[in-house]
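# 3D, please:
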Amino acid sequence: MQTAKVKAKDMVSSAKERLKEGSAKAQGKTGEATAATHGEKEMAKEEARAKKDQANADKHQEKAEHRADAAAGRHGTTHVPLTGTGAAAPGTAVDPAYPSTGAAGTYPASGKYI
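Reported below is the predicted structural model:
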């Protein structure tokens, strides 16, 4: 469910970015059409390019926020092992049938270390 929410938010961010890019392109064309000199036309092109780049950066920032929000929603649900490390816990009793199982690294029958 969480990934569907993230995808929907990402689609909204992409749609916003396309709208901002479209308006930047239109403003750039208008600026170029009304410019009297070559320098003004170049400035209008650069402004349009900067607005498009800013819209793209905003989209990526929003997507990163969506991922962070989704990760924060899952925080605390990590895997918790049901058993210990496999060695006998300190303070636990040793089985009298297998006395060496309490010490990690020895074979039960021989008493030799690994």
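# Next up, the contacts around the nearest residue to residue 23 once chain neighbours are set aside.
In this structure, residue 23 finds its nearest non-sequential neighbour in residue 51, 7.9 Å apart by CB to CB, 6 or more residues apart in numbering. All C-beta spots, glycine's among them, are computed from the backbone N, C-alpha and C. Residues near residue 51 by CB atoms under 8 Å, 6 or more residues apart in numbering: 20-21, 23-24, 27-28.
# out of the residues you listed, which one sits closest to residue 63?
residue 20 (14.7 Å; CB to CB).
# and the gap between the closest one and residue 36?
Taking CB to CB, to the nearest Å as the measure, residue 20 falls 27 Å from residue 36.
# and what of residue 55?
Using CB to CB, we find residue 55 at a distance of 28 Å from residue 36.
# Settle it for me: which of the two has more neighbours?
residue 55 (18 against 7; other CB atoms under 10 Å).
# backbone phi and psi for the more buried one, please?
For residue 55, the backbone dihedrals are phi -60, psi -40 (criterion: degrees, to the nearest 10).
# count of residues packed around the closest residue to it other than its chain neighbours?
In space, and not counting its chain neighbours, residue 55 is closest to residue 20: 3.6 Å by CB to CB, 6+ apart. Using other CB under 10 Å, residue 20 has 17 neighbouring residues.
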